[in-house]
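Trainee: What would the 3D arrangement of this be:
(2 chains)
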Amino acid sequence: MADAPRWRRYLRFWRADLDADLDDEFRFHLEAEIERLVAQGMTPDAARAEARRRFGDLDYYRQYCRDADSRRTGRERRSENFALLWQDLRYAVRSLSRQPTFTVVAALTLALGIGANTAIFSVVNSVLLTPLPYREPGRLVMVWESMKDRAIIMVSYPDYLDWRQRARSFEDLAIYNGYEQLALTGRGDPERVRGGLASGNLFSVLGVTPALGRLITPDDDRAGAARIAVISDGFWRRRFAGDSGIVGQSLLLDDVSYTIVGVLPPAMRLANREVWIPIGLFTDTPRFDRSNHPGLIGIGRLKPGVTVEQMRVDLSAVAKQLGADYPETNAGVGAGGSHIMEVVVGDVRRALLILSGAVGLVLLIACANVANLVLSRSAAREREFALRIAIGAGRGHLIRQLLTESIVLALAGGLLAVFIAWGGVKALLSLQPGSIPRLAEIRVDGTVLLYALGVSVLTGVLCGLLPAWQTARTEHTAALKDGGGSVSGGRARVRTRTTLTVAEVALALVLLAGAGLLLRSFGKLTRVDPGVDPENLVAALIDLPASRYPSDTVRRQAYDDLITRLRALPGVQQAAASTDLPVNTSWQSAVTFEGLPPVEVGSEPMLNGAIVAPGYFEAMSMRLIRGRAIAASDIEGSLPVTVISQSVAKRFFGDKDPLGTRLRQGRRAGANEPGWWTIVGVVSDTRTDGLELLPRGTFYYPLAQTGARSMWIMVRSLSPVEEVTRSMRQAVSAIDPAVPLANVTTLRSVIEESVSQPRFSMLMLSIFAAVALALAAGGIYGVISYNVSQRLNEIGVRMALGATRGDVLRLVIGHAMRMTAAGLLIGIGITLGAGRVIANQLFEVKPSDPMVLGGVTLFLALIALAASALPALRATRIAPTAAVRGNA
Amino acid sequence: MTPPTDLLQGTLDLLVLKSLSWGPKHGHAVARLIHDSSDGAFEVLDGSLYAALHRMEERRWVAGEWGLSDKGKRAKFYRLTASGRQQLRAEASSWQRYAASVTKLLTAVTHPV
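Mentor: Alright, predicted model coming up:
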């Protein structure tokens, strides 16, 4: 047997056709065998049959060998590809480490972009993408009632019971109140805990299982049942140090003893309550009458396949029936609801999506910058590429190689980015008190890391593709021949780089404009007059338990005492009490005015109500516009009086004098029925419904003519907050040591809290815009420097021919400014076109605000000027002869 | 469907490896060599030889290469790789131990203690 010549194997295409090869091999065998048998004397036909017999089942062996072959070639191909990738990777790392400055600058740039994206994604992931910690949360909805003048009102308990009976959309419907304040006594310091009332099916509707013990069941949820409580994980750890023997212990809440039966899992954060008790223990009290809407919200689990839309139709129909069945309480009362996720996430979704878009832009700018850097680096590597092509590397290979380099670069950046994101998220959490829902769930986890990896690879491709394609397209042979840069490639590269820089400027302008708009909007928002003087005003919530303060008279006496004591405190300028804070109001009521044309049932105006002690308006620095304020003489037995806010007067009385007119809570009623209050004064408005909204208007009752269990006490004092708080606590203790001082805050911080979400958006976007600005400035600087270095010759010649330094400056800076102007124009176009994206985040600012657009345009132009001035100045210092000689 | 097996798979591999140890061969040559040297003691289906060859090629004990037969026809030649040679040594020695112990038992005249 002769040895096969080695070159023969190249006759066949290197990736062999496995089937054809196998057929050839078997055919060769059979032919050789037949030939042998014929030589031994068989007839050809007999020989053929014998050869086939000796071979066995041909089809079986063909299949067997085919399988083995394809497994083998598959493995070979994989290892070949892996070896190739490994080789590319090693080459990329070597090549990058030869130019450490480039590598570090590019990796840092990408790290900024990827890091910002990863940080925002970790927020988006936790807030928007991670499902709520309930069973099948997609089927959970929150439901409420509505009136014409107010889209969402709390649910009345009997209405809820009827919904449960009549609505067909729900597998089950639960209800809860997440606003109870309970006084915890008998264990250490008295304390106000955040309490919730839950229907017996609440936890089964949510699909929550206890971490310890059991949860509230329908059996607990009725009048006269044993008093039990379920506590939150946070409360369990804070108050009981995570005592595993907690089940069975008792808890004194509002002087009533409850037995703890279970602890909720940490993930269960509904309404942020610390203690849940069954609602059924209280529902036989007047508070849960059909006409009252005591802070209840329904939570339903939709039947499989039922949409929210169908549920709304269903609920509305039931509400209409109830309106017919109980016209005096339910006429005009509608019902509505949304997915629980919609309610929890709410407005933040839009803000987060805008921020995601913004960090996307930052990343694009970073990519453009790095692409620019890579391009100028490619110019210096002309000889290397030419050499590689000359020794047989295909253009495809060259592109793959360059892409590998940029992906390695981006991965290095991505690694750095994870640290940036980690720090960023920490900083973000520390800066963000409460305006983002699900804040506690935000973290850098596996999903986030995977995202960072994906973004890094994508970034690598994005910023490597253009330069790689550009390089592969260039005719490299010239580089080898004359040893200089290839002229055509250089020109194409300058064009690409100019385009990239224009794009960078455009994107940076969009971000700057966005940040500028939010900044201006936020400025306007914080300059809104809240209607009260919030400086040096400390507020705290007091609750007098019904067990020890059984009547309004007793409670009024206690509050009178307390206010007198507060006013006597050293350093206290003013002290007041009200059921609501002047800037954050919770009590709304439908109101009827005497003598005004009657309105359709259900369309009664909803106004804010507050019960105040005498001296409240002066203490808040509210202005008296007409009539008189609430006075100490307005007591039980005298004429019931009320003071209305200016917007109420304007809305219902126009230019007429409202004084002397009577108003009444609730619906139409006869003039002789009780419950009418005579308007004796008009005071200035306060921003009761948030700084950004015009107030719906407030009516004020005198404390001495009504009564309230819990009130906010407010003290204005120049002393430090801690000191004021301490003396307030002492004053309260002096009256009743078992009454806790709760929710201590300052009015200033209540107002700040109310704008913390716009502040967050504004701050984030400003940071991203600043990064974008720095990157764009760097981009312009880089391109102009490169351009100057390319045109040294030309500049030298011009100077030799008599061009002045001013001419050179004009030449270089002119180029930069043309580029910038193009970018600015495009950016303004994008901003105007995309304005509506941000429009609903703005307060009294239009997305096309000329001040903002003009300002940021000018600012960016100045930055571009500064960035190009440096290389321009350098160009003027070239000695003409040196330049001409230097690059000959 | 299973192939007609006359020999244990391991034994067949051993024979194929051994026949390649004298130099590269195409499948037909391997078949002739095994057939001729067995003196008709056992029958090996030619198809099962090819199955063994492709299986061992997958395991990298042998490497296939296209060449020309001594009659000038295109044929696939197999040669032993380094790991094939190692395999041959290992299998040969275990076969010899096995054969020796069987022989010892079969030729014993007294009951072994």
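
Trainee: Close to chain A: what parts of chain B are there?
Mentor: Taking CB under 8 Å from any CB of the partner chain as the measure of proximity, chain B contacts chain A at B:1, B:3-4, B:23-29, B:31-32, B:45-48, B:50-51, B:53-55, B:57-58, B:65-70, B:73-77. C-beta: built from backbone N, CA, C; applies to glycine.

Trainee: let's go with 7 Å and repeat that
Mentor: B:1, B:3-4, B:25, B:27-29, B:45-48, B:50-51, B:54-55, B:57-58, B:65-70, B:73-77 (CB under 7 Å from any CB of the partner chain).

Trainee: Can you turn the buried subset of these into a selection I can paste into PyMOL?
Mentor: To isolate the buried subset of the residues of chain B next to chain A in PyMOL, counting by 16 or more other CB atoms under 10 Å in any protein chain shown, use the following:
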select buried, chain B and resi 25+27+28+29+45+46+47+48+50+51+54+55+57+58+65+66+67+68+69+74+75+76+77
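
Trainee: Which ones among the residues of chain B next to chain A lie within strands?
Mentor: Mapping these onto strands (DSSP state E) picks out B:Lys25, B:Glu65, B:Trp66, B:Gly67, B:Leu68, B:Arg74, B:Ala75, B:Lys76, B:Phe77.

Trainee: What residues are bridge-paired with the first one?
Mentor: The partner list for B:Lys25 in beta bridges (DSSP bridges) reads B:Tyr78.

Trainee: Please report the distance of it from B:Thr81.
Mentor: 14 Å (CB to CB, to the nearest Å).

Trainee: what packs against the helix or strand bottoming out on mean pLDDT in chain B?
Mentor: When each helix and strand of chain B is scored by mean pLDDT, DSSP states H and E, helix B:9-20 comes last, with a mean of 87. With contacts taken as 3 or more CB pairs under 7 Å, 6 or more residues apart in numbering or on different chains; DSSP states H and E, helix B:9-20 sits against helix B:27-37, helix B:46-58, strand B:74-80, helix B:82-107.

Trainee: so what's the residue nearest to the spatial centre of chain A scoring on pLDDT?
Mentor: Nearest to the mean C-alpha position of chain A, counting by CA atoms, centre = their mean, stands A:Leu352 at 3.5 Å. pLDDT, A:Leu352: 88.

Trainee: same check, this time on A:Tyr258
Mentor: Per-residue pLDDT puts A:Tyr258 at 95.

Trainee: cool, and A:Pro266?
Mentor: 89.

Trainee: Show the pLDDT at the nearest residue to it once chain neighbours are set aside.
Mentor: The shortest distance from A:Pro266 to any non-neighbouring residue, by CB to CB, 6 or more residues apart in numbering or on different chains, is to A:Asp233 (4.1 Å). A:Asp233 is assigned a predicted lDDT (pLDDT) of 93.

Trainee: Equivalent analysis for the one 3 residues further on, please.
Mentor: According to the prediction, A:Trp236 has pLDDT 94.

Trainee: Surely it is in contact with A:Gly242?
Mentor: Yes - contact criterion CB atoms under 7 Å: A:Trp236 and A:Gly242 qualify, at 6.1 Å.

Trainee: between those two, who's got more neighbours?
Mentor: Shown here are A:Trp236 and A:Gly242; by other CB atoms under 10 Å in any protein chain shown, A:Trp236 has more neighbours (22 against 12).

Trainee: The more buried one looks like it's in a strand, true?
Mentor: No - the assignment for A:Trp236 is helix, going by DSSP: H, G, I helix; E, B strand; the rest coil, so no strand is present there.

Trainee: and the gap between it and chain B?
Mentor: The gap separating A:Trp236 from chain B is 62 Å, by CB to the nearest CB, to the nearest Å.

Trainee: Nearest spatial neighbour of the residue in the stretch 601-750 of chain A that chain B sits nearest to, chain-adjacent residues omitted?
Mentor: Across the stretch 601-750 of chain A, no residue is closer to chain B than A:Glu692, which sits at 72.3 Å (CB to the nearest CB). Excluding its sequence neighbours, the residue lying closest to A:Glu692 (CB to CB, 6+ apart) is A:Phe843, at 5.0 Å.

Trainee: could you list every residue that touches the one you found?
Mentor: Going by CB atoms under 7 Å, 6 or more residues apart in numbering or on different chains, A:Phe843 touches A:Ser521, A:Lys524, A:Leu525, A:Glu692.

Trainee: Which secondary structure element is home to it?
Mentor: For A:Phe843, there is no helix or strand it lies in under DSSP states H and E.

Trainee: And the pLDDT at it?
Mentor: On pLDDT, A:Phe843 comes in at 89.

Trainee: now do A:Phe82
Mentor: 89.

Trainee: quick one: low-confidence ranges for the stretch 451-600 of chain A?
Mentor: A:475-490 (pLDDT under 70).

Trainee: export the helices and strands packed on helix B:9-20 to JSON lines and tack on mean pLDDT?
Mentor: Below are these laid out as JSON lines (pLDDT from 0 to 100):
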{"stretch": "helix B:27-37", "mean pLDDT": "89"}
{"stretch": "helix B:46-58", "mean pLDDT": "93"}
{"stretch": "strand B:74-80", "mean pLDDT": "93"}
{"stretch": "helix B:82-107", "mean pLDDT": "90"}
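
Trainee: gap between the nearest residue to A:Glu191 once chain neighbours are set aside and chain B?
Mentor: The shortest distance from A:Glu191 to any non-neighbouring residue, by CB to CB, 6+ apart, is to A:Leu184 (4.7 Å). According to CB to the nearest CB, A:Leu184 stands 74 Å off from chain B.

Trainee: now do A:Gln588
Mentor: A:Gln588 is 79 Å from chain B, where distance means CB to the nearest CB.

Trainee: and the closest residue in space to that residue that isn't next to it in sequence, what are its bridge partners?
Mentor: Spatial nearest neighbour of A:Gln588, excluding adjacent residues (CB to CB, 6+ apart): A:Met606 at 4.9 Å. Here A:Met606 sits in beta bridges with A:Ala590, going by DSSP bridges.

Trainee: didn't A:Met606 look like it was pressed against A:Ala151?
Mentor: No - at 10.2 Å, A:Met606 does not count as touching A:Ala151 under the criterion of CB under 7 Å.

Trainee: out of these two, which sits in the more crowded spot?
Mentor: Neighbours per residue (other CB under 10 Å) separate A:Met606 from A:Ala151, with A:Met606 holding more: 17 against 10.

Trainee: what residues are up against the more buried one?
Mentor: Taking CB under 7 Å, 6+ apart, one finds A:Met147, A:Asp149, A:Arg150, A:Gln588, A:Ser589, A:Ala590, A:Arg696 in contact with A:Met606.

Trainee: one more time with 8 Å, if that's ok
Mentor: Neighbour list for A:Met606: A:Met147, A:Asp149, A:Arg150, A:Ile153, A:Gln588, A:Ser589, A:Ala590, A:Val591, A:Arg696 [criterion: CB atoms under 8 Å, 6 or more residues apart in numbering or on different chains].
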